[in-house]
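# Have a look at this prediction, sequence included:
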Amino acid sequence: MNSTNPISIGSLLASQEKSPALEVLGLSKNYGTKKALDSLSFEVKSCEIVALVGESGSGKSTALQIIAGLQEADSGQVRIQGRTVFDESISVDPALRHVGMVFQDTALFPHLTVEDNILFGMSKQEKNRKGYAKSLLELFSLPDLGKRYPHELSGGQQQRIGIARALAAKPRVLLMDEPFSSLDRSRKRELLPELRRILKQSCTSSLVVSHDEEEALALADRIIVIHQGGKVSDGIPEDLYRQPRLVPVAEYFGMINLIPLRKCEQCPEGWQIETHLGQTVLPKASWTSQGLPKYLGLRAESLAVSDQVAAAGGHACRLLEQRFALPHSLAVVCVDDAHPAHRILYAQSDAKMASTKLVVQADLSQGILLGE
């Protein structure tokens, strides 16, 4: 086997490893009276890319730092490929945990060339170190940049080199803390598919912390949503977007209208629901959790506004604002209803409204049943 081929090495390690690459079991962490993590548990399988997402202050970065050994939890356990690296009686030194770490700042050494930056992250015992560095540059489609210095690279190229340096150490788990936050959207969209290809081809088990839903959807095999320090949802990207089940998950994946349910009852066809925007029947699969949902979630594309006051099935509303928000023009309207806390709605509106007196129509069949 060619020792300079990171793809073959990653595949061999994966075939030999039966334990999950990473196991986080009941992690709790307090900062004084503030609870940063609350019995957080999850795992990352071999060769899997998992995104850890949530609102600011939810505990994402704290969890990552505890896994890396940069902080200690108050309780819980961390296991890497079946080996305990942290519990109430042991805390393995970060350098001995065999994890790679990529931060928001690439932290490349400005006085070293690209090749030397990669070599810095590599074991001294690695055979043919320069050959391995060259193979990593080829893997990242940067074969001719080895002799350049960091200041001679674009932001996207610097980010690639930072990740390549982390992979040079052949980590058992790669940890990334919002590594793309400094890149503009176009560069990020260019980099994400390439990074996913590299991580999958090299069979690198990865955990990435992100606050960007587009980034998480594009990169991850699985997404874990945490809220107030605990896991509230865990699933594949499409399922979490289309059927989020909980309000914090739905809100993470973009703007959503939360319509209070006046009635929600099971019926032979599924769920009979009633809101101040109307009533409908949703399929049985719309809600499978315990208890009853509290809201009907409607994305902006499920509501349309019109200045045709006589529109059938519509509700009178006033236009507060109309602005462009990709991929549609967005109308912010106030419904004339007896529920002032839920009168503001966001609706799709591709035509410029000539009047502030409008009608909003809701396609309730596109709604998502949500618990709190």
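Great, that's in hand. Numbering: from 1, shown residues only.
# can you pull the pLDDT of Ile49?
Note on Ile49: pLDDT of 97.
# I'd like the numbering to begin with 865 instead of 1 from here.
Taking 865 as the first residue, the last one we looked at is Ile913.
# OK, contacts around it?
Arg1060, Leu1063, Lys1064, Ser1070, Val1072, Leu1083, Ala1084, Asp1085, Arg1086 (C-beta atoms under 8 Å, 6 or more residues apart in numbering). Heads up, the C-betas are built off the backbone N, CA and C, glycines and all.
# and those, which of them are in helices?
If you go by DSSP state H, the contacts of Ile913 have Arg1060, Leu1063, Lys1064, Leu1083 in helices.
# For those, which single residue is the most surrounded?
Leu1083 (25 neighbours; other C-beta atoms under 10 Å).
# wait, what's in contact with that one?
Ile913, Ala915, Leu1056, Leu1059, Arg1060, Val1072, Ser1074.
# So the residue nearest to the last one when sequence neighbours are not counted: helix, strand or coil?
Of all residues beyond its chain neighbours, the one nearest Ser1074 is Ala1080 (4.9 Å), with distances taken as C-beta to C-beta, 6 or more residues apart in numbering. Here Ala1080 is recorded as helix under DSSP: H, G, I helix; E, B strand; the rest coil.
# Could you report the separation of Ala1080 from Ile913?
10 Å (C-beta to C-beta, to the nearest Å).
# tell me, what's touching those two both at once?
Common contacts of Ala1080 and Ile913, defined by C-beta under 8 Å, 6+ apart, comprise Val1072.
# Would you map the strands across the stretch 965-1114 of the chain?
Taking DSSP state E, counting those that start in this stretch, the strands of the stretch 965-1114 of the chain run over residues 1037-1041, 1070-1074, 1086-1091, 1094-1099.
# Would you format these as JSON lines with mean neighbour count included?
Below are the strands of the stretch 965-1114 of the chain laid out as JSON lines (neighbours: other C-beta atoms under 10 Å):
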{"stretch": "strand 1037-1041", "mean neighbour count": "24"}
{"stretch": "strand 1070-1074", "mean neighbour count": "26"}
{"stretch": "strand 1086-1091", "mean neighbour count": "24"}
{"stretch": "strand 1094-1099", "mean neighbour count": "18"}
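# so can I have TSV of these showing distance to Val978 and mean pLDDT?
What follows is the strands of the stretch 965-1114 of the chain, written out as TSV (distance: least, C-beta to C-beta, whole Å; pLDDT from 0 to 100):
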stretch	distance to Val978	mean pLDDT
strand 1037-1041	19	95
strand 1070-1074	22	95
strand 1086-1091	32	94
strand 1094-1099	37	91
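# Looking at those strands, spot the one closest to Leu1156.
Among the strands of the stretch 965-1114 of the chain, the nearest to Leu1156 by C-beta to C-beta is strand 1094-1099 (17.6 Å).
# Pull the residues that contact the closest one.
901-906, 1086-1090, 1104, 1108-1110, 1112-1113.
# from these, which would you call buried?
Buried residues within those, defined by neighbour count using 16 or more other C-beta atoms under 10 Å: 901-902, 904, 906, 1086-1090, 1104, 1108-1110, 1112-1113.
# which of the residues you listed lies closest to Ile982?
Arg1086 (28.9 Å).
# can I assume that closest one is in contact with Val914?
Yes. At 5.1 Å, Arg1086 and Val914 qualify as touching, with contact defined as C-beta atoms under 8 Å.
# Flag the shaky bits of this protein, pLDDT-wise.
Applying pLDDT under 70 to the chain flags residues 865-881, 1172-1177, 1189-1193, 1200-1207, 1214.
# could you pull out the helices for it?
870-880, 924-932, 978-984, 993-1003, 1019-1032, 1049-1065, 1077-1083, 1101-1106, 1111-1116.
# right, and the ones you listed - which one's nearest Tyr1210?
Nearest of the helices of the chain to Tyr1210, taken as C-beta to C-beta: helix 1111-1116 at 12.2 Å.
# list the helices and strands the closest one packs on?
In terms of contacts (3 or more C-beta pairs under 8 Å, 6 or more residues apart in numbering; DSSP states H and E), helix 1111-1116 is packed against strand 1086-1091, strand 1094-1099, strand 1159-1162, strand 1232-1234.
# Any chance of CSV for those strands, columns distance to Leu1047?
Below are those laid out as CSV (distance: least, C-beta to C-beta, whole Å):
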stretch, distance to Leu1047
strand 1086-1091, 20
strand 1094-1099, 27
strand 1159-1162, 30
strand 1232-1234, 31
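# Against Ile1208, how distant is the spatially closest residue to Leu1184 that is not a sequence neighbour?
Once flanking residues are discounted, Leu1184 sits nearest to Val1196: 4.7 Å by C-beta to C-beta, 6+ apart. Val1196 is 7 Å from Ile1208, where distance means C-beta to C-beta.
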